[in-house]
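**Q** Turn this into a model:
(chains A and B, ligands or ions: 1)
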Amino acid sequence: MNLYYNPLQSSLTNIPISNQKQMPIDSQTGFIRGNLFANLYEPYLRSEPFPLKPINQRESLLNKVREYDFALVELDLFLDNHPNDQEKIQLYNQYLKQSKQARQEYEQRYGPLSLNSDWLNTYPWGWLTPPWPWEVS
Amino acid sequence: MWKYVKMLQYPVNIKNKDLQMAKYLVTQYGGSNGELAAALRYLNQRYTMPDEKGKALLTDIGTEELAHLEIIAAMVYQLMKDATPQELRAVGLGGHYAEHAKALYPTDANGFPFTVTYFATTGDPLADLQEDMAAEQKARAVYENLINLTNDPDVIAPLSFLRQREIIHFQRFKELFEYYKAKGYK
Ligand SMILES: [Fe+2]
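**A** Model (predicted):
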């Protein structure tokens, strides 16, 4: 069984990565891959990428927040080096909007994700709402 | 300053206890190529970056590494949370149990504790960025070694995610390195 990705079959071989156009793929695929840029993606296992298997409704709403936040991380790191890429700046602001929407949807059902959430005016103090990130939900 | 977001960057839901894997995985918590070393190295180097690009990139990648530290910690915690002292002893974690019970403690896979020498900072932006590029390659290689040590998809999926992040970080450091070199920074 050939479990591992063969780098010789990669189209990236011998092409200087910095000369290629770095086009972001869709946020969902990007998040599952851990890499928003098709030309930088180098899987290790043939079984990659691994589809998300949310274990409940809470986790699947949280995955939407994660997905948009991930796109924001990727675009920000790119823009630090390429601050004149207008397209990417627009895309950043589009994902920012989607991230805020996904957060609202999650937080109104499952409690605040941060201490500047709109959902902290609750009694008792909503920040204590479980689970904490390291716990199996 | 930093603000906490109460979620992992990538989901971790490990169903099966695997103490041996916890013992190996902890190296990405407290080993020389681990996430703690990476986060602190970049956040420490950023003060002497020569321009706004460098200050931003080192801050932002350093911050992302803190999120990766949390993913690794969650994995180690979940892999060993149901262990008994005898089970820990059986995989060579008796010493860990004696000192820390089931608390997390940053060491490498051989139990060697975290040390600040992993920060590796010279104040020379080109030397520091090359150090960072090498660090990202080493972290990627360690993720591949760890993936080879398990068959559990609950463990492999987050490791693959983290491995890809090292590829991106390497690329961003390389871009900045080449830009600085062309500008003649020393
Ligand atoms: Fe990294």
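
**Q** what's near enough to touch the closest residue to the ion within chain A?
**A** Nearest residue of chain A to the ion, counting by C-beta to the ion: residue A:77, 10.4 Å away. Glycine gets a C-beta too; all of them are placed from N, C-alpha and C. Contacts were defined as C-beta atoms under 8 Å, 6 or more residues apart in numbering or on different chains; by that measure residue A:77 touches B:57, B:60, B:61, B:64, B:168, B:169, B:172.

**Q** what's the closest of the residues you listed to residue A:31?
**A** Closest approach between those and residue A:31, by C-beta to C-beta: residue B:168, at 12.8 Å.

**Q** ok now do the closest one, which residues does it touch?
**A** A:34, A:35, A:37, A:40, A:74, A:77.

**Q** Report the rounded mean pLDDT for the longest helix anywhere in chain B.
**A** If you go by DSSP state H, chain B has its longest helix at helix B:153-183. In this model, helix B:153-183 has a mean pLDDT of 98.

**Q** Tell me, how many residues neighbour the closest residue to chain A within chain B?
**A** Proximity of chain B to chain A (C-beta to the nearest C-beta) peaks at residue B:164, 3.3 Å away. Residue B:164: 25 surrounding residues under other C-beta atoms under 10 Å in any protein chain shown.

**Q** what does residue A:39 give?
**A** Look at residue A:39: counted by other C-beta under 10 Å, it has 17 neighbours.

**Q** Output those of the contacts of residue A:77 also counted as contacts of the ion.
**A** Filtering the contacts of residue A:77 for proximity to the ion by C-beta under 5 Å from the ion leaves residue B:169.

**Q** ok, so of the contacts of residue A:77, who is nearest the ion?
**A** Distance to the ion across those (C-beta to the ion) is lowest for residue B:169, with 3.7 Å.

**Q** Residue B:61 is in contact with the closest one, correct?
**A** Yes. Contact criterion C-beta atoms under 8 Å: residue B:169 and residue B:61 qualify, at 5.4 Å.

**Q** which residue is nearest the centroid of chain B?
**A** residue B:35 (1.6 Å; C-alpha atoms, centre = their mean).

**Q** quick one: it and the ion, what's the gap?
**A** For residue B:35, the distance to the ion (C-beta to the ion, to the nearest Å) stands at 7 Å.

**Q** pretty sure that residue is touching residue B:68, no?
**A** Yes. Using C-beta under 8 Å, residue B:35 makes contact with residue B:68 at a distance of 4.3 Å.

**Q** re the thing from before, what is the subsequent helix or strand relative to the helix or strand where the residue of chain A closest to the ion lies?
**A** Taking DSSP states H and E as the criterion, residue A:77 maps to helix A:57-81. Under the assignment DSSP H and E, the closest C-terminal helix or strand after helix A:57-81 is helix A:86-110.

**Q** List the contacts of that following helix.
**A** So helix A:86-110 is contacted by A:24, A:27, A:58, A:61-62, A:64-65, A:67-69, A:71-72, A:75-76, A:78-79, A:82, A:113, A:117-119, A:129 (C-beta under 8 Å, 6+ apart).

**Q** Mind doing that once more with 6 Å?
**A** Where contact means C-beta atoms under 6 Å, 6 or more residues apart in numbering or on different chains, the residues beyond helix A:86-110 that reach it are A:58, A:61-62, A:64-65, A:68-69, A:71-72, A:75, A:78-79, A:113, A:117, A:119.

**Q** Could I get the contacting residues of the spatially closest residue to residue B:69 that is not a sequence neighbour?
**A** Spatial nearest neighbour of residue B:69, chain neighbours left out: residue B:35 (4.1 Å); criterion: C-beta to C-beta, 6 or more residues apart in numbering or on different chains. Under the criterion of C-beta under 6 Å, 6+ apart, the neighbours of residue B:35 are B:28, B:65, B:68, B:69, B:72.

**Q** any idea how far the ion is from residue B:22?
**A** 21 Å.

**Q** quick one on the thing from earlier: the contacts of residue B:35 in strands, which ones?
**A** If you go by DSSP state E, the contacts of residue B:35 have nothing in strands.

**Q** May I ask which of those has the most neighbours?
**A** So for the contacts of residue B:35 (other C-beta under 10 Å), the most neighbours sit at residue B:28, 29 neighbours.
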